[in-house]
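Asker: Need the 3D shape of this:
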Amino acid sequence: MRGRIMVAAAAVLVLLGGCSIGDIRRPPPSKPVVTTNPPATVAPFEVRHGDVPVPPSYQVQNVEFVNQALGYALFARCGSDGAAPGPAETCTAALVRTDDGGKSWHQIYHPNPDGKGHQLYADRTRLVLHVDPDGYYISRDRGVTYEFSPKINDAVRATMGDEYQVCCDDRAARVVRYGSDGRVRPTGAQPDIPDLRAAASAVHWVFAIGLDRGRPIASVSNDQGATWRQVPVAGGGGQVEAVGVRVDHGGIFAWLIGQTDLVSWPSLWFFDGMGWRPVSADGHPDRYTSSVVLEDASLAVTTPDGPGLVTGGVFQSVDWPIDDCALRLLADGTLVCTAGPVTWLGIGSTTRKWIRVLVGNE
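Answerer: Residues are numbered from 1 along each chain as shown. Got it, this is the predicted structure:
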């Protein structure tokens, strides 16, 4: 199994700015022209603004898409016309669902619409509503029936991250795996790295990242966490405060993102089968919002200055119509980027179709 991922990783070393592969007599490919300014035009996109069956006084709190068709939106009204409760107020919530990618919405059951605050989480098998101060309501049938938990549990945590996560309870942080039933199971062994911060998985690998005085320390497993080995995190001068691993939809390519704060451009590494190799991004903007890995091994990035791709050691602006929103990868490979009542869906891979979904009473 390890050989397959190493071959795939080696095939993209040129793409990511590493040493050339193949006939060494050939000159290395030239880097793409650096494009730091946004394109003059943006790609065409479809607009969907289906009627939302909630009163006009309700304001959208958050929107969660599970795939390109299924999504939920949570609305709330606090006091007379606000979106946040005053000291003596409670909020009344309403919940809607779409099954056609935002073309239409219909109201679904909310088990406890009154509370100081409301939050929505969703994945392929669960819909979770948090009502402050009561607890969590969990539905496994898309909002028809719910079970209640007064505090966060494994079923709730499973909706908040990937299959492999760093678990957090009264014991030391450890790598765990969440099954389709929402139950958590610690891996057979734990990586021997300090200050465990992040975990993720690809087709043949499970990744674990820790921090040692601001320097990323990494371990990998190719037997679903039964055994681990440390691998190098090369280069990358300077310290980081937070780390995360991004993997493409096919589970082949993995990038490590190291951030010093929430807004500055991060340090980047690519997993080549032996360890994490630093990747430059010539021409990148100073600020950073979010990123996902595409199936050609490039890193798609959103920034306050516009979206772009990191490929060939260069940041290139792209004509995607998305704004400075939080970019994520859904279970079916769809890109989703949400900012308030506006959600962008990016469908497809080679030729991506963009859809602007408007959810709200504006």
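Asker: right, and residue 286 touches residue 265 too?
Answerer: Yes - with contact defined as CB atoms under 8 Å, residue 286 reaches residue 265; the gap is 6.0 Å. Backbone N, C-alpha and C define where each C-beta goes, glycine included.
Asker: which one of these two has more residues nearby?
Answerer: Using other CB atoms under 10 Å as the criterion, residue 286 and residue 265 rank with residue 265 on top: 16 against 10.
Asker: quick one, what contacts that one?
Answerer: By CB atoms under 8 Å, 6 or more residues apart in numbering, the residues touching residue 265 are 281, 284-288.
Asker: Mind doing that once more with 6 Å?
Answerer: By CB atoms under 6 Å, 6 or more residues apart in numbering, the contact set of residue 265 is 284, 288.
Asker: okay, it: pLDDT?
Answerer: Predicted confidence (pLDDT) for residue 265: 97.
Asker: What's the separation between it and residue 194?
Answerer: Remark: distance between residue 265 and residue 194 (CB to CB, to the nearest Å) = 26 Å.
Asker: same deal with residue 212?
Answerer: Computed as CB to CB, the residue 212 to residue 194 distance reads 5 Å.
Asker: swap in residue 122?
Answerer: 34 Å.
Asker: Check residue 119 too.
Answerer: Noted for residue 119: a distance of 32 Å to residue 194, by CB to CB.
Asker: Out of the two, name the residue with the larger neighbour count.
Answerer: For residue 119 and residue 194, the more surrounded residue by other CB under 10 Å is residue 119, and the numbers stand at 17 against 11.
Asker: Now that one: closest residue in space that isn't a chain neighbour?
Answerer: Closest residue in space to residue 119, ignoring its immediate chain neighbours: residue 130 at 4.2 Å, by CB to CB, 6 or more residues apart in numbering.
Asker: The nearest residue to residue 267 once chain neighbours are set aside: what's it in contact with?
Answerer: Leaving aside its sequence neighbours, residue 267 sits nearest to residue 258 (CB to CB, 6+ apart; 4.0 Å). By CB under 6 Å, 6+ apart, residue 258 lies in contact with 216, 240, 243, 266-267.
Asker: Can you add distance to residue 136 and secondary structure and give those back as a markdown table?
Answerer: Formatted as a markdown table, the contacts of residue 258 follow (distance: CB to CB, whole Å; DSSP: H, G, I helix; E, B strand; the rest coil):
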| residue | distance to residue 136 | secondary structure |
| --- | --- | --- |
| 216 | 33 | strand |
| 240 | 32 | coil |
| 243 | 28 | strand |
| 266 | 32 | coil |
| 267 | 35 | strand |
